[in-house]
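Novice: got a predicted structure here, sequence first:
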Amino acid sequence: MTQKVRTRFAPSPTGFLHIGGARTTLFNWLFARHHGGQFILRIEDTDEVRSTEDSVQAILDSISWLGLDWDEGPLTLNREKGPHQSYFQMKRVDLYKKHIGDLLKEGKAYPCYCTKDEIEAMRRLAQLEKRPPRYDGRCRNLSAQQKKDHEASGKPFSIRFRMPDDGTTIVDDLIRGKVEFENKLQQDLVIQKTTGGPTYNFACVVDDHLMEMSHVIRGDEHLSNTPSQVQMYYALGWTPPQFAHLSMILGPDGAKLSKRHGATSVLEYKQQGYLPEVMRNYLALLGWATTDSQQIFAPDELVAKFDLAGCQKHPATFDTIKLNWMNGEYIRKTPVPELIELARPFIESSGLKINGGPALEKTVALEHEKYKLLSEVPGLIDFFYKPVEFTPKAMDKVLKSPGVKDVLLGLAEDLKDFSPFEDKALEERIRKFCAERSLKAGQVFHPLRAACSGRTEGPTLFLMLEILGRAEVLARLKAAAARLN
Ligand code: GLU
């Protein structure tokens with residue numbers, strides 16, 4: 001690649017960063033990093049009504065959590081880095097105005113005095129005639145006198161970009177190939193609103209040019225904007241960047257991914273206990289694949305292998321089952337001390353009192369194979385750190401069975417002085433206990449587990465007893481037996 005690679009993620013801060021936006025961010029970041037280029041974050045806050053600071057903050061937090069860094073752009077709400085005046089579009093309004101002024105002078109843009117009602121009527125007519133809504137061009141060729149009258153009336157006006165009347169615009173998309181658009185079917189887009197503020201389509205073109213973007217990689221919902229944007233580049237005497245439109249993301253039912261399919265905001269995934277590296281790995285596979293369909297990537301491997309050639313045209317499917325599987329795979333590969341640190345916020349917010357109980361290194365390790373989400377950790381270790389709470393199944397199906405009370409009291413007696421209180425030795429001792437009383441293993445193991453953990457399922461029984469320790473096991477056996485009176 002001869003031109004220096006510069007990509008950007010340019011979110012409109014009107015909500016959280018959702019899965020689609022995160023995927024777009026990742027692909028831009030991977031592409032820039034793969035080519036030794038730069039990745040820029042630009043906030044497209046041209047929607048004065050819907051843009052919020054909270055949303056900017058959520059976007060910054062989400063991208064940071066994903067572990068993606070940017071070379072230029074806002075670092076906080078009021079601190080930015082990079083050579084440009086600002087990376088918030090509403091702080092760049094003068095720049096857009098200047099270029100709009102040039103287009104007006106050259107007749108490539110024109111003021112439009114149509115009212116909201118007129119525009120709405122055009123929309124309704126189009127609906128009635130079953131064609132896409134389109135500005136009918138009534139202010140395109142106003143006479144000098146008409147213009148004068150409008151100006152004199154002080155009527156609010158927007159500014160529209162004049163699309164060529166005929167010919168086609170070809171978008172040579174790096175993923176979709178050549179896509180041809182008939183110019184006469186494109187409408188004259190508003191580039192400056194009646195408020196004087198720029199619109200997305202114009203600010204985006206000016207910024208992508210001034211910020212020297214080499215590639216614009218974005219969701220395919222923007223493909224339809226591209227012919228107009230390309231014509232704006234031409235009108236301003238600029239060369240458009242290269243475009244790559246990423247395939248749509250669908251839910252497992254084939255409908256466009258939405259809240260209906262579960263969490264959509266990236267920070268919700270953080271809260272649910274997914275690892276950021278899993279999100280990166282998983283999102284990378286939404287519309288991109290290596291030729292050998294590799295699924296799990298080491299941290300630097302994605303950067304090394306990612307390229308637009310592997311991006312697919314067909315829609316990608318977001319599959320929570322696969323995401324959970326992947327999170328489990330990563331958790332299994334995470335050494336226990338690191339896993340504890342990752343799970344610590346979840347353990348802390350669960351309110352468990354770890355101090356005084358068995359070491360987390362032991363309890364967390366017990367079910368290392370089982371966790372799919374970090375948020376599951378406290379629920380699987382909690383019985384070590386608080387009084388036993390019996391599940392209905394443990395109480396009704398196991399503990400209330402005939403003879404259980406004797407078994408529990410017998411075990412308490414048997415283990416009272418037993419030493420060493422360790423996994424293997426305990427197993428041997430308790431099997432002997434069964435044999436001596438002609439009891440089947442299940443008749444003893446199940447009540448023992450239920451009495452000590454309150455559950456019918458859990459970690460390997462004897463290791464669990466070892467970690468609980470003699471005093472606690474004896475106390476729990478007696479307490480459970482007392483409940484059976
Ligand atoms: N602000 C636009 C959006 O959030 C960005 C589109 C683009 O990347 O050009 O969808």
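Specialist: Right, received. Where do you want to start?
Novice: how many other residues sit next to whichever residue of the stretch 51-200 of the chain sits closest to the ligand?
Specialist: As assessed by Cβ to the nearest ligand atom, the ligand sits closest to residue 200 within the stretch 51-200 of the chain, at 5.6 Å. Where C-beta positions appear, they are placed from N, C-alpha and C, glycine not excepted. By other Cβ atoms under 10 Å, 19 other residues sit near residue 200.
Novice: ok, and the closest non-adjacent residue to it?
Specialist: Leaving aside its chain neighbours, residue 200 sits nearest to residue 46 (5.4 Å; criterion: Cβ to Cβ, 6 or more residues apart in numbering).
Novice: look up how far residue 64 lies from the one you found.
Specialist: 24 Å (Cβ to Cβ, to the nearest Å).
Novice: do residue 108 as well
Specialist: In terms of Cβ to Cβ, residue 108 sits 40 Å off from residue 64.
Novice: now swap in residue 247 and tell me
Specialist: Look at residue 247 and residue 64: by Cβ to Cβ, they are 26 Å apart.
Novice: so these two - more neighbours on which side?
Specialist: For residue 247 versus residue 64, neighbours defined as other Cβ under 10 Å are more numerous around residue 247 (19 against 13).
Novice: how close does the closest residue to the more buried one other than its chain neighbours get to the ligand?
Specialist: Here the nearest residue to residue 247 in space, its sequence neighbours aside, is residue 287; by Cβ to Cβ, 6+ apart that works out to 4.5 Å. Counting by Cβ to the nearest ligand atom, to the nearest Å, the gap from residue 287 to the ligand is 15 Å.
Novice: residue 287 reaches residue 245, doesn't it?
Specialist: No: between residue 287 and residue 245 there is no contact under Cβ atoms under 8 Å: 10.2 Å.
Novice: how about the residues of this structure near the ligand?
Specialist: Within the chain, the residues that sit near the ligand (Cβ under 6 Å from any ligand atom) are 10, 11, 12, 44, 200, 204, 218, 222.
Novice: was I right to think the third one contacts residue 42?
Specialist: No: using Cβ under 8 Å, residue 12 is not in contact with residue 42; the gap is 10.4 Å.
Novice: who has more neighbours out of the two?
Specialist: residue 42 (26 against 17).
Novice: double-check that residue 171 belongs to a strand.
Specialist: Yes: counting by DSSP: H, G, I helix; E, B strand; the rest coil, residue 171 falls inside a strand.
Novice: got a list of what it touches?
Specialist: With contacts taken as Cβ atoms under 8 Å, 6 or more residues apart in numbering, residue 171 has the following neighbours: 178, 179, 180, 181, 223, 226, 227, 230, 243.
Novice: what sits opposite it in the beta ladder?
Specialist: Applying DSSP bridges to residue 171 gives these bridge partners: residue 179.
Novice: and it, how far from residue 216?
Specialist: 11 Å.
Novice: common neighbours of these two, please.
Specialist: residue 243.
Novice: before we move on, back to that, how many residues are close by the residue nearest to residue 200?
Specialist: What residue 46 shows, counting by other Cβ under 10 Å, is a neighbour count of 23.
Novice: which pLDDT value goes with it?
Specialist: Residue 46 is assigned 97 on the pLDDT scale.
Novice: what helix or strand is residue 205 on?
Specialist: helix 200-210 (DSSP states H and E).
Novice: what about that helix, average pLDDT?
Specialist: 98.
Novice: buried residues, that helix. List them.
Specialist: 200, 201, 202, 203, 204, 205, 206, 207, 208, 209 (16 or more other Cβ atoms under 10 Å).
Novice: stretch 76-83 too?
Specialist: By neighbour count on 16+ other Cβ under 10 Å, the buried set for stretch 76-83 is 80, 82.
Novice: residues in contact with that stretch?
Specialist: Taking contacts as Cβ under 8 Å, 6+ apart, the residues outside stretch 76-83 that touch it are 40, 53, 56-57, 60, 71-75, 86-88.
Novice: I'd like the distance from it to the chain centre, please.
Specialist: Chain-centre distance of stretch 76-83: 23 Å, with Cα atoms, centre = their mean, to the nearest Å.
Novice: output it as CSV - backbone C-alpha positions only.
Specialist: C-alpha atoms of stretch 76-83 as CSV (Å, rounded to 0.1, in the frame of the first residue of the first chain):
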residue,chain,number,x,y,z
THR,A,76,-12.1,12.4,27.6
LEU,A,77,-15.0,14.7,27.1
ASN,A,78,-12.7,17.7,27.1
ARG,A,79,-9.3,16.5,26.3
GLU,A,80,-8.2,15.5,22.7
LYS,A,81,-5.0,14.4,21.0
GLY,A,82,-4.0,14.9,17.4
PRO,A,83,-3.1,17.7,15.0
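Novice: isn't residue 25 right next to residue 64, touching?
Specialist: No: Residue 25 is beyond contact range of residue 64, at 10.9 Å (criterion: Cβ under 8 Å).
Novice: does residue 337 lie in a helix or a strand, and which?
Specialist: Short version, using DSSP H and E: residue 337 is in helix 336-350.
Novice: how about that helix: buried residues?
Specialist: 339, 340, 342, 343, 346, 347, 350.
Novice: run through the chain and note the low-pLDDT ranges.
Specialist: Applying pLDDT under 70 to the chain flags the ranges 1-2.
Novice: can you give me the strands for it?
Specialist: Ranges of strands within the chain are 6-9, 38-41, 73-76, 79-81, 109-112, 158-161, 168-173, 177-182, 190-192, 215-219, 242-246, 249-250, 316-317, based on DSSP state E.
Novice: gap between residue 470 and residue 449?
Specialist: Distance from residue 470 to residue 449, by Cβ to Cβ: 17 Å.
Novice: those two - which one has more neighbours?
Specialist: Under the criterion of other Cβ under 10 Å, the comparison of residue 470 against residue 449 puts residue 449 first, with 20 against 17.
Novice: OK, contacts around that one?
Specialist: Residue 449 sits in contact with 398, 455, 456, 458, 461, 464, where contact means Cβ under 8 Å, 6+ apart.
Novice: out of those, which are buried?
Specialist: 398, 455, 456, 458, 461, 464.
Novice: ok, which pair from these is furthest apart?
Specialist: Distance extremes for these: the farthest pair is 398 and 464 at 15.4 Å, using Cβ to Cβ.
Novice: quick one: residues in contact with stretch 350-361.
Specialist: 336-337, 340, 347, 363, 378-379, 381-382, 384-386, 467-469.
Novice: among those, name the ones in helices.
Specialist: Members of these lying in helices (criterion: DSSP state H): 336, 337, 340, 347, 363, 378, 379, 381, 467, 468.
Novice: just the helices in the stretch 1-150 of the chain please.
Specialist: 19-34, 53-65, 93-105, 116-128, 144-153 (DSSP state H, counting those that start in this stretch).
Novice: so which of those is the most surrounded?
Specialist: Among the helices of the stretch 1-150 of the chain, helix 19-34 has the highest mean neighbour count (mean count of other Cβ atoms under 10 Å), at a mean of 24.
Novice: how far away is residue 303 from the ligand?
Specialist: 21 Å.
Novice: residue contacts, that residue?
Specialist: 30, 33, 34.
Novice: 10 Å instead, please
Specialist: 29, 30, 31, 32, 33, 34, 35, 297 (Cβ atoms under 10 Å, 6 or more residues apart in numbering).
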